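Colleague: got a predicted structure plus its sequence, pasted below:
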Amino acid sequence: GRRIYLMGISAAFAIFSAVFLVMPYYFLWKIVDEALDARPDYGAADIIGNAWMALTFLVFAIVCMFVALMFSHLCAFRTQKNVKKFCIEHAMTLPPGSFATEGVGSMRRTIDDCADSIHGFLADQFPDLTRSRVLPAIVLVMLFLFDWRLGVAVLAPVAITIVIIMSMMSNKAIEASMRE
């Protein structure tokens, strides 16, 4: 409908939440790095300031996800209402014999269940799905920003695992046994 832009706003806030969710790890890394550099005078390291920044970004992540869920719920409630309204209007145009095999109560339950499942996806799953799609990319970027060798060390086992799984899946004997 006209309020589809609310899902875009919800997705944007879910992405902001994902970015803010990774930032505490950056500040944790800074705490460890500064503590190791400042040894033995730990007072020279800005441990408290970095800890507060980590907490601040964690709070921002929670607030952004709350806002994302708020916008997605606004859109989902409107969509749920419109789906129910459209289905009922369509049911009213059906010939009276259409309700002979299925009762009106059964049809109403079906409409309610379908509209509720649409609401569940739009309101709750969409922001989570958006954040879960973006978070791995953000983590990879952060790995390479910390240290490119760390990024390669983390990605090498993933690449090897993908190659092994692909070789297992392309094995003709396994394919034949799966068909049986």
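Modeller: Yes, it's here.
Colleague: quick one: average pLDDT of stretch 95-104?
Modeller: On average, the pLDDT along stretch 95-104 is 74.
Colleague: quick one: end-to-end distance for it.
Modeller: End-to-end distance for stretch 95-104, by CA to CA, to the nearest Å: 13 Å.
Colleague: quick one: I138 from K84, how far?
Modeller: 38 Å (CB to CB, to the nearest Å). C-beta: built from backbone N, CA, C; applies to glycine.
Colleague: try A159
Modeller: The value you get for A159 to K84, if CB to CB is used, is 48 Å.
Colleague: for the helix or strand where A153 lies, packing partners?
Modeller: Using DSSP states H and E, A153 sits in helix 148-169. In terms of contacts (3 or more CB pairs under 8 Å, 6 or more residues apart in numbering; DSSP states H and E), helix 148-169 is packed against helix 126-146.
Colleague: sort out which residues of the helix it packs on are buried, please.
Modeller: F126, P127, T130, R131, V134, L135, I138, M142, L143 (16 or more other CB atoms under 10 Å).
Colleague: returning to what we had before: for the helix holding A153, C-alpha coordinates in PDB please.
Modeller: C-alpha atoms of helix 148-169 as PDB (Å, rounded to 0.1, in the frame of the first residue of the first chain):
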ATOM      1  CA  TRP A 148      44.200  -8.100   6.900                       C
ATOM      2  CA  ARG A 149      46.100 -11.200   8.100                       C
ATOM      3  CA  LEU A 150      43.300 -11.900  10.600                       C
ATOM      4  CA  GLY A 151      40.700 -11.600   7.800                       C
ATOM      5  CA  VAL A 152      42.600 -14.000   5.600                       C
ATOM      6  CA  ALA A 153      43.100 -16.400   8.600                       C
ATOM      7  CA  VAL A 154      39.400 -16.400   9.300                       C
ATOM      8  CA  LEU A 155      38.300 -16.700   5.600                       C
ATOM      9  CA  ALA A 156      40.700 -19.400   4.600                       C
ATOM     10  CA  PRO A 157      38.900 -22.200   6.600                       C
ATOM     11  CA  VAL A 158      35.600 -20.900   5.300                       C
ATOM     12  CA  ALA A 159      36.800 -21.200   1.700                       C
ATOM     13  CA  ILE A 160      38.300 -24.600   2.300                       C
ATOM     14  CA  THR A 161      35.000 -25.800   3.900                       C
ATOM     15  CA  ILE A 162      33.000 -24.500   0.900                       C
ATOM     16  CA  VAL A 163      35.300 -26.400  -1.500                       C
ATOM     17  CA  ILE A 164      35.000 -29.600   0.500                       C
ATOM     18  CA  ILE A 165      31.200 -29.300   0.700                       C
ATOM     19  CA  MET A 166      31.000 -28.600  -3.100                       C
ATOM     20  CA  SER A 167      33.200 -31.600  -3.800                       C
ATOM     21  CA  MET A 168      31.000 -33.800  -1.600                       C
ATOM     22  CA  MET A 169      27.900 -32.600  -3.300                       C
END
